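Participant: for reference, the sequence and a predicted model appear below.
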Amino acid sequence: YGHWEKDAVNSRQGVSASLAVVEERKSRLYVARKVRNMSPVNHEIATRKMLSDKKSLSITRDNGIENTHHGETPVPSFFCEAYSSWQKGSIENSNKLIRIFFPKGTDFRFVTQAMIDDAVSIINNKPRKILKYKTALEVASAAGIITSIKRESVLIQGGI
């Protein structure tokens, strides 16, 4: 436990607002934070804030421009090969879940962090077959990734 995958969920074409998202590989704990643009600095700040109170041993990323400041995060970063999104398949699957709430074409400039937090809470409280019908919050808490399964302990307040 403690190995994370990171990705970005983009707005519709022509809009720079996006979500920075991370997911713990074994527990499937999913965290998302609104970012005003695809700036590498903003994405790295969001990543550090999302992982600041969680057990973190490594992060697997893609080769997107938003990951160029990976060295500022105090855990080792690994990168997928180009066009090999299957190498971080957990987060790609969870991004499909967040797209239920924010379909392609959503303009994240008009989505609040509270709306994102509500969607993430639903995802993290959903029992999953891969987790033997436990929720991601239950598994993450039992594994020591988070200290509490209270809703507030997993949500990130405010966007960047």
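Facilitator: Received it, and whenever you're ready, just let me know what you need.
Participant: please count neighbours and contacts with C-alpha atoms only from this point.
Facilitator: Fine.
Participant: in contact with the residue nearest to E72 when sequence neighbours are not counted, which residues?
Facilitator: Sequence neighbours aside, E44 is the residue nearest to E72 in space, at 7.2 Å (criterion: C-alpha to C-alpha, 6 or more residues apart in numbering). Neighbouring residues of E44 by C-alpha atoms under 8 Å, 6 or more residues apart in numbering: E66, N67, H69, H70, E72, T73.
Participant: tell me what the residue nearest to V75 when sequence neighbours are not counted is bridged to.
Facilitator: Computed as C-alpha to C-alpha, 6+ apart, the closest residue to V75 that is not its neighbour in sequence is S58, at 5.4 Å. Under the criterion DSSP bridges, S58 forms beta bridges with H3.
Participant: before we move on, what about K34?
Facilitator: L19.
Participant: show the pLDDT at it.
Facilitator: Predicted confidence (pLDDT) at K34: the value is 96.
Participant: so it makes contact with S11?
Facilitator: No: the criterion here is C-alpha atoms under 8 Å, and K34 misses it with S11 at 10.7 Å.
Participant: the more surrounded of the two?
Facilitator: Set side by side, K34 and S11 give different neighbour counts by other C-alpha atoms under 10 Å, the larger being at K34 (28 against 20).
Participant: is N63 located within a helix, as I assumed?
Facilitator: No: counting by DSSP: H, G, I helix; E, B strand; the rest coil, N63 is not part of a helix but coil.
Participant: count of neighbours near it?
Facilitator: Using other C-alpha under 10 Å: N63 sits among 16 other residues.
Participant: please apply the same query to P76.
Facilitator: 14.
Participant: what residues are up against it?
Facilitator: Counted by C-alpha under 8 Å, 6+ apart, P76 has contacts L57, S58, I59.
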